[in-house]
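K.L.:
Sequence below, structure please.
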Amino acid sequence: MTAPRSPRPLRADARRNAERLINAAREVFAGRGVDVPLDDIARHAKVGNATLYRRFPTREALLEAVYRDHIEQMRVRACDLLTWPSPGDALATWLLEIVRDGSSSRGLTATLKAALHSEGADTAWCRSLIQDAAGQLLARAQDAGAIRHDVTAAQLLKLANGIAFSTEHEPDADQQAEQLLSLVLTGLQVS
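P.N.:
Numbers count the residues shown, from 1 in each chain. Here you go, the predicted model:
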């Protein structure tokens, strides 16, 4: 029995087209939101829509490509915060950073929402990465008695995503996000 072959690397022109599509999507998502027709992104990238759909068959696959590095940075930040002396402060800091990032980036909020609410393969990596990071910070805060034990990582992420989504178009988004998250975290503390 032979081992399965790894996928062939992209040809240079295919790699350039993928990069153009990702950059175009990043620009278009930032300006018009993630519900923009995908054909508009192909036009912005100056490639055919067949090229877009061959490389990114779903909107979620394109969102994943656009925000993969950002989500990886969230995971790395969570790992850094695991060394903080106050587990409750570490969790609050991470959630605040996620909320601020989400409220300033329409595409990131949509990517996290898709990852948290879908079971598709396009977003499985994101769901796993973010839930694992949140789960580690949450477990540490719960073990320290800072957060109630009946709260799950998925619930925390949905709350953070909801705050980011509801404040993303506000002129004082960071301030509102911080206030709303503070209210949520107060409600999650052990009485």
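
K.L.:
Domain-wise, how is this protein divided?
P.N.:
10-57, 60-188 (automatic domain parsing).

K.L.:
Pick out the least confidently modelled helix or strand of this protein, by mean pLDDT.
P.N.:
helix 106-117 (a mean of 61; mean pLDDT, DSSP states H and E).

K.L.:
Quick check: next helix or strand after it?
P.N.:
Remark: after helix 106-117, the chain's next helix or strand is helix 121-143, criterion DSSP states H and E.

K.L.:
hang on, residue 159 packs against residue 187?
P.N.:
No - look at residue 159 against residue 187 with CB atoms under 8 Å: they stay out of range, at 9.5 Å. All C-beta spots, glycine's among them, are computed from the backbone N, C-alpha and C.

K.L.:
Tell me which of the two has more neighbours.
P.N.:
residue 159 (19 against 10; other CB atoms under 10 Å).

K.L.:
In what element of secondary structure is that one found?
P.N.:
Following DSSP H and E, one finds residue 159 within helix 153-167.

K.L.:
That helix packs against which elements?
P.N.:
Counting contacts by 3 or more CB pairs under 8 Å, 6 or more residues apart in numbering; DSSP states H and E, helix 153-167 packs against helix 87-104, helix 106-117, helix 121-143, helix 173-188.

K.L.:
now what about the first one, what contacts it?
P.N.:
Residues outside helix 87-104 that contact it (CB atoms under 8 Å, 6 or more residues apart in numbering): 70, 74, 77-78, 81-82, 84, 108-109, 112, 133-134, 137-138, 140-141, 143-144, 146-147, 156-157, 160-161, 163-165, 167-168, 170, 173-174, 176-178, 180-181, 185, 189.
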